[in-house]
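**Q** sequence and predicted structure, then a few things I'm wondering about:
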Amino acid sequence: MRHAARDYSLTPLNIYWEVTQACALACRHCRASAMPDAHPRQLSHEEGVAFIRQIPQFGDPMPTLILTGGDPLERHDLLPLIDEARRLGVDVSITPAATGALTKEVLATLAAHGVSGLGLSLDGSTAERHDAIRGIRGTYERTLAAIGWAGELGLPVQVNTLVTAGTAADIPAVYELLESMPLTRWSLFFLISVGRGTLLEPLSPRDGEEFMAWVHKISSAAPFVVATTEAPSYRRVAIEQMRAAGLTAEQTRRSRVARSFGVRDGHGVMFVSHLGEICPAGFLPIPVGDVRTDSIVEVYRDAPLFKSLHDPRQLTGRCHHCQHQQICGGSRARAYAAHGDPLAEDPFCPHIPPHYTRTPQPVEAAR
Ligand code: SF4
């Protein structure tokens, strides 16, 4: 509920820091195209600490710092970085890779250092399906074990699941698997064609609508929050379904899905790369600043790209004319991947706003 009072044009909800690109896995959809070793110019410990010390300058409520990668466990100074964030009162979550380095002891250490959330990826209902995407056998078993360990340690877990044309039919079986597990949140990530993700096929807009209708159907009875990543048009689908079911505007406003209203790439989200580049999102890799030299607060509030992303009236195509632009605004990352323009319409959404008479913007490029 604390999210409701936040002005996303002033303060992001989440800052994602890619602490390293080093990772032992070779996931087929990796945004980072992660490598076995760290880049020689990745942020040093001192530079990382200096960046973390900027976060409180956003004021209260502060963003949550989400340590991602690569594999954050590959950073040898991970615990001192977490300690510094916690010392400043910054909430820290982490998304480790499911390698042999991810043990119950490591999770217990992270919890003891004040990490308040764990993000794990589960992309298939069977070892064969999951490991085929993750690139290494054994990650399925380790992921399920880590979910169980986190449950025993009282560490809240979010599971992230990739949605593509090839995985969508298996997602109901993933849900059945997760239903009995100690999750707080299940986030369905709709493929963006960047990094290694260009090798996979995204869902078509029509199949996406059907899939999102299923997501909304199961979300009300799910024992955890069900959310989407890079599919803000799910909010429109959910609203349409709630209206059709006779819910009032107030009931819609108080629904679980309403907690994400308004958040989109660069608006509620900021990404810092392993090299210190400040981008609107991990899947929107347009650097507009550098934490080594720039104020993250000034970049987030005043850099022209962030200012455009804070203002949905600057969107173009159907998103510009859409009655849902304030709560949705489309995936800016997918717009950039498809059109080369982060303010273009989201090609995954088939919605035609009332009175909109032009044809959808042509998709020019798959980056
Ligand atoms: S047209 Fe754009 S703003 Fe409207 S629902 Fe679709 S993606 Fe969202």
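**A** Cool, the structure landed. Numbers count the residues shown, from 1 in each chain.

**Q** what residues does the protein have near the ligand?
**A** Contacts of the chain with the ligand, taken as Cβ under 6 Å from any ligand atom, map to 232-233, 236, 318-319, 322, 324-325, 328-330, 345-346, 349, 351. Quick note: C-beta positions are derived from backbone N, CA and C, even for glycine.

**Q** low-confidence stretches in the protein?
**A** Scanning the chain for pLDDT under 70 picks out the ranges 1-5, 25-35, 195-199, 364-367.

**Q** what ranges does the stretch 51-200 of the chain have for its helices?
**A** Counting by DSSP state H, counting those that start in this stretch, the stretch 51-200 of the chain has helices at residues 78-87, 104-112, 127-134, 139-153, 171-178.

**Q** which residues touch the second one?
**A** The set of residues that contact helix 104-112 without belonging to it, under Cβ atoms under 8 Å, 6 or more residues apart in numbering, is 73, 79, 82, 94, 96, 118, 145-146, 149-150, 152-155.

**Q** quick one: buried residues of that helix?
**A** In terms of neighbour count (16 or more other Cβ atoms under 10 Å), helix 104-112 has its buried residues at Leu107, Leu110, Ala111.

**Q** ok, back up a step: export the helices of the stretch 51-200 of the chain to a markdown table and tack on distance to Asp341?
**A** What follows is these, written out as a markdown table (distance: least, Cβ to Cβ, whole Å):
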| stretch | distance to Asp341 |
| --- | --- |
| helix 78-87 | 35 |
| helix 104-112 | 39 |
| helix 127-134 | 29 |
| helix 139-153 | 36 |
| helix 171-178 | 30 |
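
**Q** OK, contacts around the residue of the stretch 51-200 of the chain at minimum distance from the ligand?
**A** At 11.7 Å from the ligand, Phe190 is the closest residue in the stretch 51-200 of the chain, using Cβ to the nearest ligand atom. Contacts were defined as Cβ under 8 Å, 6+ apart; by that measure Phe190 touches Val163, Pro202, Leu203, Gly208, Thr228, Thr229, Glu230, Ala231, Ser331, Phe348.

**Q** take these and write them to a markdown table, including secondary structure and neighbour count.
**A** Shown next, in a markdown table, are those (DSSP: H, G, I helix; E, B strand; the rest coil; neighbours: other Cβ atoms under 10 Å):
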| residue | secondary structure | neighbour count |
| --- | --- | --- |
| Val163 | strand | 26 |
| Pro202 | coil | 24 |
| Leu203 | coil | 21 |
| Gly208 | helix | 22 |
| Thr228 | strand | 25 |
| Thr229 | strand | 22 |
| Glu230 | coil | 27 |
| Ala231 | coil | 27 |
| Ser331 | coil | 30 |
| Phe348 | coil | 24 |
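
**Q** and stretch 261-278, end to end?
**A** For stretch 261-278, the first-to-last residue distance is 23 Å (Cα to Cα, to the nearest Å).

**Q** distance check, the most centrally placed residue in the chain against Gly282.
**A** Averaging the C-alpha coordinates of the chain gives a centre point, and the residue nearest to it by Cα atoms, centre = their mean is Thr229 (5.1 Å). According to Cβ to Cβ, to the nearest Å, Thr229 and Gly282 sit 10 Å apart.

**Q** can you give me the strands in the stretch 151-300 of the chain?
**A** All strands of the stretch 151-300 of the chain, identified by DSSP state E, counting those that start in this stretch, fall at 157-163, 185-190, 225-229, 269-272, 277-279, 289-290.

**Q** out of the buried residues of helix 104-112, the closest to Glu277 would be?
**A** Leu110 (26.0 Å; Cβ to Cβ).

**Q** need the strands for the stretch 1-150 of the chain, in chain order.
**A** Counting by DSSP E, counting those that start in this stretch, the strands of the stretch 1-150 of the chain are 14-18, 64-68, 92-94, 117-121.

**Q** contacts only, for Glu18.
**A** Ala32, Thr68, Gly69, Gly70, Phe271, Val272, Ser273, His274, Gly282.

**Q** can we see that at 10 Å?
**A** Going by Cβ atoms under 10 Å, 6 or more residues apart in numbering, Glu18 touches 31-32, 34, 42-43, 66-70, 72, 271-277, 279, 282.
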